[in-house]
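Undergrad: here is my input; please provide its structure:
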Amino acid sequence: MGFFERYLSLWVGLAIMAGVALGGLLPGLGVGIASLEAAGINLPIAVLIWGMIFPMMLAVDFSSIGGISQQPRGLLITAAVNWLIKPLTMTALAWLFIRGLFSAWIPEAIGQEYVAGMILLGVAPCTAMVFVWSRLSDGDPNYTLVQVAVNDLIMVFAFAPIAALLLGVSDVLVPWDTMLTAVGLFVVVPLVAGWLTRLCLRSSRRIEHLEARLKPLAMTALIATVFLLFVVQAQAILANPLAIVLIAIPLTLQTYLIFWITASWMRFAGQRRSIAAPGAMIGASNFFELAVAVAISLFGLNSGAALATVVGVLVEVPVMLSLVAIANRNQRLFPN
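TA: Predicted structure coming up:
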């Protein structure tokens, strides 16, 4: 591991502080960056995420994907945690903290909106960034791809009814343009690009050489993504820091809880680390573009629900990096 990767958490921390400082000093900059979007997806951040995902897709060996059907337990565990456990634990933690332990600091009306936003995050497991976390934890790229593909397929059918049930509303309008654009941009396009690149290079040695050269670029894109996220959200952070902290606490606990549940189940089922680690991270992280879009459509741009989903964006990268470190160092939880 090189110097840059060894101190990745430090660079992320510096990017967070720099992003908040710059966004606070130049509020128009954050507004300008936020306005560059299509189908609810910020385009500059999308380009950076694509830069992080492409090296992972380059490592996908299409000839070996068919063999994954012979080891389906990892896929079943990931799907069960994402859709049967995670939404319920997020709902329980949201009510416990926001409407219970923190009720003295949060008015009831806005607290209900915070809970709604957190529930939307809990019903939207990750599509894009999990490829980054998988790569950082030496996950099996072929298996990770299939895990994400299965998760996206289930999301098409399960997101709206589960969200409607837990939110207690009669109908959830799914922003299909956001969902389909995200899946296409973060899964299909880089996957096809990786496949075409492998065809052009032909040699496994050339492919490995290109992967090695792209690795620093992918890490730089990760730092830049964190920086832009905090530039865009700097005003919200500075305007209401207490609310940000109160929302972040249950979201952080949820992330660690789901990671531990999935990793423990994977270990009990005898899944190797390269399958178990990415599987745990798919459930632990969130499809925040979808959650933010639905929160805005249901409750409004300036609602507590929208703010809660934004806090999910802010929590995501630092917490997931800590989970990558756990996956890389904890041989008992993730045996090879």
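
Undergrad: burial measure for Ser103, as a count.
TA: Residues near Ser103, counting by other Cβ atoms under 10 Å, number 12. Quick note: C-beta positions are derived from backbone N, CA and C, even for glycine.

Undergrad: which residues touch it?
TA: Going by Cβ atoms under 8 Å, 6 or more residues apart in numbering, Ser103 touches Gly111.

Undergrad: which helix or which strand is home to it?
TA: Of the helices and strands defined by DSSP states H and E, none includes Ser103.

Undergrad: what about Ala92, distance to Ile98?
TA: Plainly put, Ala92 is 11 Å away from Ile98 if you go by Cβ to Cβ, to the nearest Å.

Undergrad: same question, Val245
TA: 12 Å.

Undergrad: tally of neighbours for Trp105?
TA: Neighbours of Trp105 (other Cβ under 10 Å): 12.

Undergrad: and it, what is it in contact with?
TA: Residues counted as contacts of Trp105 (Cβ under 8 Å, 6+ apart) are Leu242, Leu246.

Undergrad: so which bits of stretch 258-265 are buried?
TA: Neighbour counts using 16 or more other Cβ atoms under 10 Å place Ile258, Phe259, Ile261, Thr262, Ala263, Trp265 of stretch 258-265 among the buried residues.

Undergrad: so the first one is in which element?
TA: So that's Ile258. helix 241-268.

Undergrad: any idea which helix or strand comes after that helix?
TA: Next along the chain after helix 241-268, with elements defined by DSSP H and E, is helix 273-284.

Undergrad: tell me what that next one is packed against?
TA: Judged by 3 or more Cβ pairs under 8 Å, 6 or more residues apart in numbering; DSSP states H and E, the packing partners of helix 273-284 are helix 73-80, helix 130-136, helix 141-167, helix 241-268, helix 304-329.

Undergrad: what helices or strands is the shortest one leaning on?
TA: The reference is to helix 130-136. With 3+ Cβ pairs under 8 Å, 6+ apart as the test, helix 130-136 has helix 43-58, helix 141-167, helix 204-232, helix 273-284, helix 304-329 packed against it.

Undergrad: what lies in contact with the shortest one?
TA: Contacts of helix 273-284 with the rest of the structure, by Cβ under 8 Å, 6+ apart, involve 71, 74, 77-78, 81-82, 85-86, 125-126, 130, 133-134, 137-140, 143-144, 147-148, 151, 255-256, 258-263, 266-267, 271, 320, 323-324, 327, 334-336.

Undergrad: same thing but at 7 Å, please
TA: Residues outside helix 273-284 that contact it (Cβ atoms under 7 Å, 6 or more residues apart in numbering): 74, 77-78, 81-82, 86, 125-126, 130, 133-134, 137-140, 143-144, 147-148, 151, 255, 258-259, 262-263, 266-267, 320, 323, 327, 334-336.
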